[in-house]
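> Provided below are the primary sequence and the corresponding predicted coordinates.
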Amino acid sequence: MFCHPLGTSFTAAVRDRCLAGLRAGGHEAHVVDLYAGDDGVADLAWCQAIAFVYPTWWSGQPAILTDWLQRMTTDRSALSHVRRIVAITSHGSSKLTNAAEGESGKHVLTRALRLRSHLLVRTRWVALYGIDTCRADRRERFLLRVERTMRRRRL
Amino acid sequence: MRALIILADPEPASIRRDAAARAAEALVDAGHQVTVRDLHAEGFRAAMNAVEREAYETDQPIRDPLVEEHAVLLGEANILVFVYPTLLSTLPAVMKGWLERVLVPGVGFVFDHRQKVRPGLNQVRRIVGISTYSERRVDVKVTHDNGRRTITRAVRMSAGLWTSATWVPLYSADEATAAQRSEFIDRCARRVARRWPPPFPGGGR
């Protein structure tokens, strides 16, 4: 699930590395681009794992992704086959600030969404904090980490 | 003081609307000026688009006259009231979109010379969240009550040091009895218009 209005964004680069990692690991992947108008309903039924790639805004998912999640979960069993949830996101402010704000977006995916997924679902949180102030090499290291994480046979 | 009530509710008649109306009445009775904005009725667009995301980095991040209107109202507000149903333990998309599109750099916060975020809502004295849940209280706590945290922590941190954040919930709203519903509406009115914290010295700002 890719969610960013700009194709030139860091989040778009993260999506490309995420896909590269998945292909290297022998996984099949569909990309749902919410800003391009994809609805993702068929892809949701097709998949066993979902990776959410988005920027954290106001401590949560962007509104377009929030809307998608809320529409999909009106049917409580729509995600009941999902065994892996991976959240890949970047935060403007530091880990400390986000901890003080309660990390809402993280808990939407790892708690609220997990309760609507398969009983044995596993969640993974891959996050870059402080992107407003960080150096370019931290971004590059984060991209490597995304690729390494998605290459795993068991996501 | 000036109060701004932001209502996000897809249903034309609901307990949230009754609560918002009672809260507005209570604020008027307490001597405040009240503005109510209904995001669904106005057709407020939830998603920040590519033009706005590009403009976000510039000096003029607001490109929509409706958003500009909201930003002006927000800049004058001393009391902020959010009224919405909690969905998937967080804000409805349109309310989240309101935060993203209205609370842009220069309105909700400012960047200092070190690119660090500093509060922008310094005139806000009180933040109140009013929400209904379809889950029981224990289930809301298990999922971390993310909408509440967004309002009472993330938005609260963009306001001044002495801004209070109040939360008025109604759990298991679908099964609530008439008595529980009217108690909730009274609680909204009582808590939204309480005297503390006092207005700034000299009144107004």
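Nice, I can see it.

> hey, let's count contacts and neighbours off CA atoms from now on
OK.

> what about residue 4, which SS state?
Going with chain A. coil (DSSP: H, G, I helix; E, B strand; the rest coil).

> my bad, chain B
strand.

> surely it meets B:Val28?
No - counting by Cα atoms under 8 Å, B:Leu4 does not reach B:Val28; the two are 11.7 Å apart.

> Now list whatever residues contact both of the two.
B:Val34 (Cα atoms under 8 Å, 6 or more residues apart in numbering or on different chains).

> Looking only at neighbour counts, state which of those two leads.
Neighbours per residue (other Cα atoms under 10 Å in any protein chain shown) separate B:Leu4 from B:Val28, with B:Leu4 holding more: 22 against 15.

> So which bits of chain B are right by chain A?
Applying Cα under 8 Å from any Cα of the partner chain, we find that chain B lies next to chain A at B:46-50, B:53, B:87-90, B:92-94, B:96-97, B:99-100, B:114-117, B:142-147, B:149-150, B:153-155, B:157.

> List buried residues within those residues.
B:46-49, B:53, B:87-90, B:92-94, B:96-97, B:99-100, B:117, B:143-147, B:149-150, B:153-155, B:157 (16 or more other Cα atoms under 10 Å in any protein chain shown).

> Let's see which of these end up in helices.
Using DSSP state H, B:Arg53, B:Ala93, B:Val94, B:Lys96, B:Gly97, B:Leu99, B:Glu100, B:Asn146, B:Gly147, B:Arg149 are the members of these that sit in helices.

> Which of the three states applies to the residue nearest the centre of chain B?
Nearest residue to the geometric centre of chain B (Cα atoms, centre = their mean): B:Phe82, 2.9 Å. Three-state call for B:Phe82 (three-state DSSP): strand.

> Repeat that for A:Glu147.
On the basis of three-state DSSP, A:Glu147 is classed as helix.

> mind listing what the closest residue to it other than its chain neighbours touches?
Nearest residue to A:Glu147, sequence neighbours excluded (Cα to Cα, 6 or more residues apart in numbering or on different chains): A:Gly21, at 4.4 Å. Counting by Cα under 8 Å, 6+ apart, A:Gly21 makes contact with A:Val146, A:Glu147, A:Arg148, A:Thr149, A:Met150, A:Arg151.

> do A:Arg71 as well
Per Cα under 8 Å, 6+ apart, neighbours of A:Arg71: none.
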